[in-house]
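Visitor: Quick one, structure for this:
(chains A and B)
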Amino acid sequence: MATALSIHDLKKTYASGVEALKGVDLEVSEGDFFALLGPNGAGKSTTIGIVCGLVNKTAGEVRIFDHDVDQQRELAKSFIGLVPQEFNFNQFEPVEEIVINQAGYYGISRRAVLARVQELLEQLGLWDKRREMARELSGGQKRRLMIARALVHRPRLLILDEPTAGVDIEVRRFMWDYLREINGQGTTIILTTHYLEEAESLCRHIAIIDHGRTIESTAMKDLLLKLHRETFVLDTRERLPCDIAIPGFTARRVDDTTLEVEVERSRSINTMFAELERQGIHVISMRNKSNRLEELFLGIIEAGKA
Amino acid sequence: MNLAQQHAAFMTILRKEILRFMRIWVQTVLPAGIIMTLYFVIFGKLIGSQLADIQGLSYMDYIVPGIIIMAIMNNSYANVVSSFYSAKFQRHVEEMLVSPMPNYLIVAGYVAGGIARGCVVGLVVTAVAMFFTDLQVYDWAVALLVVFLTSLLFALGGFINAVYANSFDDISIVPTFVLTPLTYLGGVFYSIDLLPPFWQNASLGNPILYMVNAFRYGMTGVSDVEPRVAFAIIIGFVVLLYAFAILLLRRGTGIRS
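Guide: Down below sits the predicted model:
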């Protein structure tokens, strides 16, 4: 399988002297759904900015579908569609014009792109808004407009920098389904997000950047296997005794009918249920205290600080 | 990008720019028409009727070409500086920066938009001038070429100003403190023959003098400077500013961190 994006030893020092990237390495295969994670200020947006030509790199190599962004700039850029973190369209332009103009910048004439624009605006629920000024759209509609704009030239690599930040759950679910669909059609997707549930649900591979370096890059499945411990929240039918204890597990009584239990991966969860049953406590529902990826992510970031 | 793709990209920027200034024509086209009408009434009619002819032309006929070219200069500059700075400010310049469009097409598209506004305003001011005088054109080719080159030069200047600008104040500093004084001292309202020798020589260092006089030559056949020298200077500045604009874009000055 071809490599959609290859980044080697990418470095960036801003004019202020801030060293944003100290050596980022990434490899994203064609067709992948790839999560790029990291805490605020880790260097994710700088990395994306360099890939898309919005930030000048200090050193390192970036190749898009095997085309060097320095040597074959135009060709390399023609493969990319970008959905940035901030709204960056002309607020005083009609929705339809923003998408048509973006196609124009990629060399697609107005006449040739009209059908494609209609298709995208319909898919993203913006066709009725096509003549409205962009500033009149809601936050979720603006996010969808940026997706339509990024896809208008049929990019092979779609990069989304926190595309669901600040949108309601309905729009977020819609966007997840839509992104899964276009990924299924062959578009490689790179996603940065602070919603780790989103990354776990959508992405097959993951890289974690911290302090300007890649500290993890692997398959999502392999990463989740590294999770040694999960914390579950149990709702019980009976009132819990104040001194409740489950041999072999770390349990914490949250309130009369809520219990938090840490379960080591080496232990069977059935043992915990059996012990609770023995104590006359019936579990009526159970959930993860936090997203599995979130626990791992925090662990990796903490380990990096140590 | 192949030629057809480059044409599509160029036309996208040009169309967008023309739609932008025509959509807000009350702010972009009308003011020049009103201000230049006042010039014609106050300087051309009221004061000019009391003045002697200059180089065989009535004062009104003498100042009409200068006022037209002044409007073209101001508007070519203003269009690009405000539009490109606005694109930076709202960050939609990134739409172009992420695309495969070559830098020269970005410059060409914005500059063509500036030329278009300069020409539209020039036509409006010319139409107004026709109410005050019987307008004749001495040499169409010279007049049109000067209009094109001058608006091109000022549009390039506006682009460079916008690249460096960090606030809306920055886009008015150069027009207020540099271009307006140079324009008024550039022979729009007088011939440099009227100045003492020292100031005549000093005026020859003002590039706007050459544009005003080259256009006046095209319209009336009268000029304080040799038209060929004027063309050489204008073209020289065009080449210089274009190369500088491309260099700034390549470096990412003001638009890429």
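
Visitor: I'd say B:Tyr242 and B:Leu156 touch.
Guide: Yes: at 5.8 Å, B:Tyr242 counts as touching B:Leu156 under the criterion of Cβ atoms under 8 Å. Backbone N, C-alpha and C define where each C-beta goes, glycine included.

Visitor: Who has more neighbours out of the two?
Guide: B:Leu156 (26 against 19; other Cβ atoms under 10 Å in any protein chain shown).

Visitor: count of neighbours near A:Gln141?
Guide: That count, for A:Gln141 with other Cβ under 10 Å as the rule, works out to 19.

Visitor: cool, A:Glu61 as well?
Guide: 14.

Visitor: Give me the pLDDT for it.
Guide: Looking at A:Glu61, its pLDDT is 95.

Visitor: For it, which three-state class applies?
Guide: strand (DSSP: H, G, I helix; E, B strand; the rest coil).

Visitor: Could I get the contacting residues of the nearest residue to it once chain neighbours are set aside?
Guide: Excluding the flanking residues, the one nearest A:Glu61 by Cβ to Cβ, 6 or more residues apart in numbering or on different chains is A:His8, at 4.5 Å. Taking Cβ atoms under 8 Å, 6 or more residues apart in numbering or on different chains, we find A:His8 in contact with A:25, A:60-62.

Visitor: Are any of those residues buried, and if so which?
Guide: For the contacts of A:His8, a burial check counting by 16 or more other Cβ atoms under 10 Å in any protein chain shown picks out A:25, A:60, A:62.

Visitor: about what we covered before: so can I have a markdown table of the contacts of A:His8 showing distance to A:Ile206?
Guide: Output for the contacts of A:His8, formatted as a markdown table (distance: Cβ to Cβ, whole Å):
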| residue | distance to A:Ile206 |
| --- | --- |
| A:Asp25 | 14 |
| A:Gly60 | 21 |
| A:Glu61 | 22 |
| A:Val62 | 19 |
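
Visitor: Can you name the two of those that sit furthest apart?
Guide: Using Cβ to Cβ, the pair of these lying farthest apart is A:Asp25 and A:Val62, separated by 11.0 Å.

Visitor: what touches both of the two?
Guide: With Cβ under 8 Å, 6+ apart, A:Asp25 and A:Val62 have common neighbours A:7-8, A:10.

Visitor: From those, pick the one nearest chain B.
Guide: A:Leu10 (14.7 Å; Cβ to the nearest Cβ).

Visitor: and the closest one, which of the three is it?
Guide: Once three-state DSSP is applied, A:Leu10 turns out strand.

Visitor: where do the helices sit along the chain?
Guide: Chain wasn't specified; assuming chain A. Along chain A, counting by DSSP state H, helices occupy A:44-52, A:73-78, A:95-105, A:110-123, A:139-151, A:169-184, A:196-202, A:220-225, A:269-278, A:292-305.

Visitor: Please refer instead to chain B.
Guide: Counting by DSSP H, the helices of chain B are B:3-23, B:25-28, B:30-39, B:59-89, B:93-97, B:103-129, B:140-164, B:170-174, B:180-184, B:197-203, B:207-220, B:227-251.

Visitor: With mean pLDDT and distance to chain A as added columns, please give the ones you listed in TSV.
Guide: Compiled in TSV, the helices of chain B are given as follows (pLDDT from 0 to 100; distance: least, Cβ to the nearest Cβ, whole Å):
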stretch	mean pLDDT	distance to chain A
helix B:3-23	95	3
helix B:25-28	92	13
helix B:30-39	90	19
helix B:59-89	94	8
helix B:93-97	94	5
helix B:103-129	95	9
helix B:140-164	96	15
helix B:170-174	87	17
helix B:180-184	88	28
helix B:197-203	88	39
helix B:207-220	94	32
helix B:227-251	95	8
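
Visitor: Nearest to A:Val171, out of these?
Guide: Here helix B:93-97 is closest among these (Cβ to Cβ), at 22.6 Å.

Visitor: Pull the distance from the closest one to the chain's centre.
Guide: 26 Å (Cα atoms, centre = their mean, to the nearest Å).

Visitor: Which residues does the helix or strand of chain A with the lowest mean pLDDT contact?
Guide: Within chain A, no helix or strand scores below helix A:292-305, which has a mean of 71 by mean pLDDT, DSSP states H and E. Residues outside helix A:292-305 that contact it (Cβ under 8 Å, 6+ apart): A:37, A:39, A:196-197, A:199-200, A:206, A:208, A:210-211, A:215-216, A:220, A:223-224, A:226-227, A:229-231.

Visitor: quick one: low-confidence parts of chain A?
Guide: A:227, A:290-292, A:304-306 (pLDDT under 70).

Visitor: Tell me the residues of it that contact chain B?
Guide: For chain A, the residues in contact with chain B (Cβ under 8 Å from any Cβ of the partner chain) are A:14-15, A:49, A:52-56, A:73-75, A:77-78, A:80, A:82, A:84, A:86, A:88-91, A:93, A:97, A:100-102, A:104-110, A:149.

Visitor: Would you list the buried entries among those residues?
Guide: By 16+ other Cβ under 10 Å, those give A:49, A:52-55, A:75, A:77-78, A:80, A:82, A:84, A:88-90, A:93, A:97, A:100-102, A:104-110, A:149 as buried.

Visitor: Quick check: the residue of the stretch 101-250 of chain B nearest chain A.
Guide: B:Met101 (5.2 Å).

Visitor: number of nearby residues for that residue?
Guide: By the measure other Cβ under 10 Å, the count of residues near B:Met101 is 26.

Visitor: Same question for A:Ala274.
Guide: Considering only other Cβ under 10 Å, A:Ala274 is surrounded by 12 other residues.

Visitor: show me the contacts for it.
Guide: Applying Cβ under 8 Å, 6+ apart, no residues qualify as near A:Ala274.

Visitor: hmm, try it at 10 Å
Guide: A:246, A:268 (Cβ atoms under 10 Å, 6 or more residues apart in numbering or on different chains).

Visitor: now A:Phe65
Guide: Neighbours of A:Phe65 in contact, by Cβ under 10 Å, 6+ apart: A:2-6, A:30, A:72, A:75-76, A:78-80, A:156-157, A:188.

Visitor: what distance separates stretch B:78-93 from the middle of the whole chain?
Guide: 18 Å.

Visitor: swap in stretch A:132-143?
Guide: Worked out by Cα atoms, centre = their mean, stretch A:132-143 lies 22 Å from the chain centre.

Visitor: how many neighbours does residue 28 have?
Guide: Defaulting to chain A. A:Val28, neighbours per other Cβ under 10 Å, totals 23.

Visitor: other chain: chain B
Guide: By other Cβ under 10 Å, the residues close to B:Thr28 number 20.

Visitor: Also B:Thr253?
Guide: 12.

Visitor: what's near enough to touch the closest residue to it other than its chain neighbours?
Guide: Spatial nearest neighbour of B:Thr253, excluding adjacent residues (Cβ to Cβ, 6+ apart): B:Val163 at 5.8 Å. If you count contacts by Cβ under 10 Å, 6+ apart, B:Val163 has them with B:81, B:84-85, B:88, B:93, B:107, B:244-245, B:248-249, B:251-255.

Visitor: among the residues you listed, which ones are buried?
Guide: Among the contacts of B:Val163, those buried by neighbour count (16+ other Cβ under 10 Å) are B:81, B:84-85, B:88, B:93, B:107, B:245, B:248-249, B:252, B:254-255.
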